[in-house]
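# model the structure of this input:
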Amino acid sequence: MLKQFLIGALISPFFVLAVMADEFDDKLKVADELRSQNVNAFRDALDALSPDASKFSPEQTQYFNYLNAYSLSYAGKLLDAIPLYEGVFASSLDYSLKLRAKNSILNNYALVRDFPKALQQIPDMVPLLSRANETDKNLAILTIALFYNQLEDFEQSLVYTNRVVNSNLSSRNRCMAHNLRSESLHYTGKLDLETLQTAIDICTDSKEPIPLNLSKLWKAQLMLGDLQQAAQALDDLIAIQADVEGINYPRLTAEYYTTLAQVYLANRYFNNARGSALKGAELAKGMGNSRPMKSAYYVLFEAAKAEGNSNEALNAYIQYAEADKAYLDEHNIKQMAIQQAKFDSLEKNIEIQLLDKENSLLKAQADLSSEEKQNHLLLITLLASTTILVLMWGIINRKLHIALREKAQTDSLTKISNRHYFTELALKALKQAKDTNEPLTFVIFDLDHFKSVNDTYGHPVGDWVLKAVIDSVKPNIRREDILGRLGGEEFGLLLPGCPERRAFEIANAMRQRISEINTAETGHVFDISASFGIASTLTSNAQFESLYANADEALYESKRNGRNKVSVYRPAPEIAAVESNAAAVLSV
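Just a heads-up that it's a prediction; the model follows:
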């Protein structure tokens, strides 16, 4: 009897610990399930677990830390949650939990728009995909695909969605996979109605309203090319209006009204198009999304133009141009993040190769034997190869830095300064002009009716025109002048130490050369012309924003006076005093 009691006393603590461990596992899993169902119940479950945290096993502690990090993320403390997630990734032995932690880090960095750090998470996630459970693996792949869509690297997103789109997914994840794939195909111009209808059917079955209605918007956009289908597209969009507004998801609502505006415009309901575009622009402004915003302003421009309201059309086009520039700036930031991630990956691989060589060298030193001469030769060979590799790494590193800097500073199509680098050079030139007390003149020029070239002959011909224009004006530009593409068909030219009269002559010569471009090479014959605006530090203050705004005002004076002209900005008080041959606007 005493023996049985002693055995029971020895065994019972282990039995109690095992029961408690199972109980904690169950409670952690319950909290995890509540995470996406009821956030208040989820937080209550975490609070109830906190007093027992000291009794957790190491793996339960990491699970608990992951859930606490998620709670911080849900409360909007995205960056505060990241160290907790990093701790889980570093310490957990559970591959699925490690993958979930990295997946959450990627998501948090993406939400705060730190694209380079978000991209850095993907190389850590990829090796875990083959070791995690199927559910967590598929969710991670979909998160990566979603992130690449946010970066507008749609081809890379397709690589990931194609891995899982035909897998045994949950109803919700299957809808998400087909929706992401349709989005990538839509923005690369490869989406067809059959593929899109498949996504719509799947998301209808899964009762996922956000991806379902986004797919219906893309379907309406695909139908705009045909007048009869455009009428059907309008009926389809009106049918889902109440559903979209009831969901109250900012991105969906903004894109719905800009798409509705496009469809109203295609059906020539100009007042309806204007109202929907204004609402879409306002919604897009609140969410910082420039793609639907520029679409909305373009609809306003087209509607005003169709009704013959030139002032309204001009104002709408100015707003469209600003939104387009904002979109291009954001797109360039995303592309820079992608290039930097590729560079970092290459640099990391080179460092690994160097470490491998160094390890080989250390091993060779440790294995020195009686064959001294042969080992010395091996040592010299390893040292030489390491030195060569270091030199190669230095050369590659320098070339990559140069290439990355050039990509960040150069417009990929015309090979001149992009907007960001042009602005940087302008600020330096203005400071130098102020220090030397010399004038600086700024010229903006914009191709006339450029959209009609794209619409009539296609974007490849439009790209040819942009390059031909730059090639034609280069002979008129001095060595010290700075030429840049400000966005779309708009360009800027900085003329340090150049008075207005000389700048007018240069701009007019450029205007003449542009008008003489022979388009026969494209297989089409059409006229090209440009309108110019000029402002200098003599009539504007030495701030780039002021110089830009005044040159832009002169540019639109050229547009109002019939296009294919050069205009010089003059402040309003000076208008009456200017001579007739150098009036408030010099036009040709």
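
# which SSE is immediately downstream of the one helix or strand E33 maps to?
For E33, the element it lies in under DSSP states H and E is helix 2-34. Scanning forward in sequence from helix 2-34 by DSSP H and E, the next helix or strand is helix 39-49.

# show me what that next one packs onto, helices and strands only.
Contacts defined by 3 or more C-beta pairs under 8 Å, 6 or more residues apart in numbering; DSSP states H and E place helix 39-49 against helix 2-34, helix 58-74. In short, each C-beta sits where N, CA and C put it, glycine included.

# tell me what the shortest one is packed against?
Taking 3+ C-beta pairs under 8 Å, 6+ apart as contact, the helices and strands that helix 58-74 lies on are helix 2-34, helix 39-49, helix 78-91, helix 95-111.

# worst average pLDDT in the helices and strands packed on helix 39-49?
Among these, helix 2-34 carries the lowest mean pLDDT, a mean of 59.

# so S567 is in which element?
strand 566-568.

# tell me which strands that strand pairs with, and in which orientation.
strand 530-536 (parallel) (DSSP bridges).

# what's the distance between the partner strand and the middle of its chain?
31 Å (C-alpha atoms, centre = their mean, to the nearest Å).

# kindly report the same for stretch 467-481.
31 Å.

# need the CA coordinates for that stretch. PDB is fine.
Extracted C-alpha coordinates of stretch 467-481, given in PDB (Å, rounded to 0.1, in the frame of the first residue of the first chain):
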ATOM      1  CA  LYS A 467      11.700  59.500 -78.000                       C
ATOM      2  CA  ALA A 468      11.600  61.300 -81.400                       C
ATOM      3  CA  VAL A 469      10.700  64.600 -79.700                       C
ATOM      4  CA  ILE A 470      13.600  64.300 -77.300                       C
ATOM      5  CA  ASP A 471      16.000  63.400 -80.100                       C
ATOM      6  CA  SER A 472      14.800  66.400 -82.200                       C
ATOM      7  CA  VAL A 473      15.300  69.000 -79.500                       C
ATOM      8  CA  LYS A 474      18.700  67.900 -78.100                       C
ATOM      9  CA  PRO A 475      20.700  70.000 -80.700                       C
ATOM     10  CA  ASN A 476      19.100  73.200 -79.300                       C
ATOM     11  CA  ILE A 477      20.100  72.400 -75.800                       C
ATOM     12  CA  ARG A 478      23.400  73.800 -74.400                       C
ATOM     13  CA  ARG A 479      25.800  71.700 -72.400                       C
ATOM     14  CA  GLU A 480      24.900  73.300 -69.100                       C
ATOM     15  CA  ASP A 481      21.200  73.000 -69.600                       C
END
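
# now tell me what touches that stretch from outside.
Identification of contacts with stretch 467-481 by C-beta atoms under 8 Å, 6 or more residues apart in numbering yields 413-416, 447, 483, 491, 493-498, 506, 509-510, 513-514, 516-517, 519, 528, 530.

# check which residues of that stretch are buried.
468-470, 472-473, 476-477, 481 (16 or more other C-beta atoms under 10 Å).

# so of those residues, which ones are in helices?
468-470, 472-473 (DSSP state H).

# which strand residues bridge S567?
Beta-bridge partners, per DSSP bridges, of S567: G533.
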